[in-house]
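Asker: dropping a prediction and its sequence here:
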Amino acid sequence: MRFDYLNAQEQRKIVWPPSFAKARAYLDQLERANGLAPETISAARAELASAEQLSRQRRQQALERLATRLTSGASGAANPAKAGLLAAAVSELANTR
């Protein structure tokens, strides 16, 4: 990311657009911190990879199913805040046109 100027007192909030890379980054963070069960992480990675190869409508449906499962499991995760961010990232990706 590049800015035209820097003001150290300004707290810029960076918002990353929905992407498969963003969802995978959250999965990586959860894996490193043991924030989700290993089988949940493996399944989510496989479903993301599979969804990425699907046509638009089928991709959206697959991502919505994954987001629903991740949302329902977030409260029971070791790191529920980060798990919630993962679920939100997948949901945003599902709603991307």
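Answerer: Ah, there it is. Note that the structure is a prediction, hence the values are computed from the model and not measured.

Asker: surely residue 35 is in contact with residue 85?
Answerer: No. In this structure residue 35 lies outside contact range of residue 85 using Cβ atoms under 8 Å: 10.2 Å. In this view, the C-beta of every residue, glycine as well, is placed from N, C-alpha and C.

Asker: and residue 92, what is it in contact with?
Answerer: In this structure, residue 92 makes contact with residue 18, judged by Cβ atoms under 8 Å, 6 or more residues apart in numbering.

Asker: and it, which of the three is it?
Answerer: Taken by DSSP: H, G, I helix; E, B strand; the rest coil, the conformation at residue 92 corresponds to helix.

Asker: how about residues contacting the helix or strand harbouring residue 44?
Answerer: With elements taken from DSSP states H and E, the one containing residue 44 is helix 38-52. Outside helix 38-52, the residues that touch it by Cβ under 8 Å, 6+ apart are 20, 23-24, 27, 30-31, 36, 59, 62-63, 66, 70, 73, 86, 90.
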